[in-house]
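*Asks:* Curious how this folds, go ahead:
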Amino acid sequence: MEIALPIARDHPAFEGHFPGRPILPGVALLGEVFAALARNAAFDPLAFTLSSAKFLRPVPPGEPLVLRWVSTPGGAIRFEVHGEAGPVASGAVAPRRPDDAT
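*Replies:* Alright, predicted model coming up:
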């Protein structure tokens, strides 16, 4: 699946990160990814755990982003975030096991 992942130019996470060269912090990008998956992929963030995340390059204010994801047979979701110049992040979430710490 694929959807646009709009990040507002004035997203509060840009402020102070970093002065003179604002970039979107990885945790803010993951938050946007999780919110988009919750809206579009029947994804419950509380039922999953982040199994991997890789940040490939900084995201400046105003860069158009696209979220692509695929569900695996085991119930995990692999995702990639792409910008104008190629991939910016990738990762996976896996269903939380009963013995996983919260």
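*Asks:* Could I get the contacting residues of the residue nearest to Leu67 when sequence neighbours are not counted?
*Replies:* Spatial nearest neighbour of Leu67, chain neighbours left out: Leu5 (4.2 Å); criterion: C-beta to C-beta, 6 or more residues apart in numbering. Placement of C-beta: from N, CA and C, glycine included. The contact partners of Leu5, by C-beta atoms under 8 Å, 6 or more residues apart in numbering, come to Glu32, Val33, Ala36, Leu65, Val66, Leu67, Val81.
*Asks:* Buried members of the residues you listed into ChimeraX, please.
*Replies:* In ChimeraX syntax, the buried subset of the contacts of Leu5 is picked out as below (16 or more other C-beta atoms under 10 Å):
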select :32,33,36,65,67,81
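*Asks:* Closest to Gly75 out of the contacts of Leu5?
*Replies:* Val33 (17.4 Å; C-beta to C-beta).
*Asks:* Would you agree the closest one falls within a helix?
*Replies:* Yes - assignment of Val33 by DSSP: H, G, I helix; E, B strand; the rest coil places it within a helix.
*Asks:* From Phe79, how far out is it?
*Replies:* Going from Val33 to Phe79 by C-beta to C-beta, to the nearest Å gives 6 Å.
*Asks:* which residues are common contacts for those two?
*Replies:* Leu67, Gly91.
*Asks:* Give the helix, strand or coil label for Trp69.
*Replies:* Following three-state DSSP, the label given to Trp69 is strand.
*Asks:* Leaving out chain neighbours, which residue sits closest to it?
*Replies:* Closest residue to Trp69 apart from its sequence neighbours, by C-beta to C-beta, 6+ apart: Phe79 at 4.2 Å.
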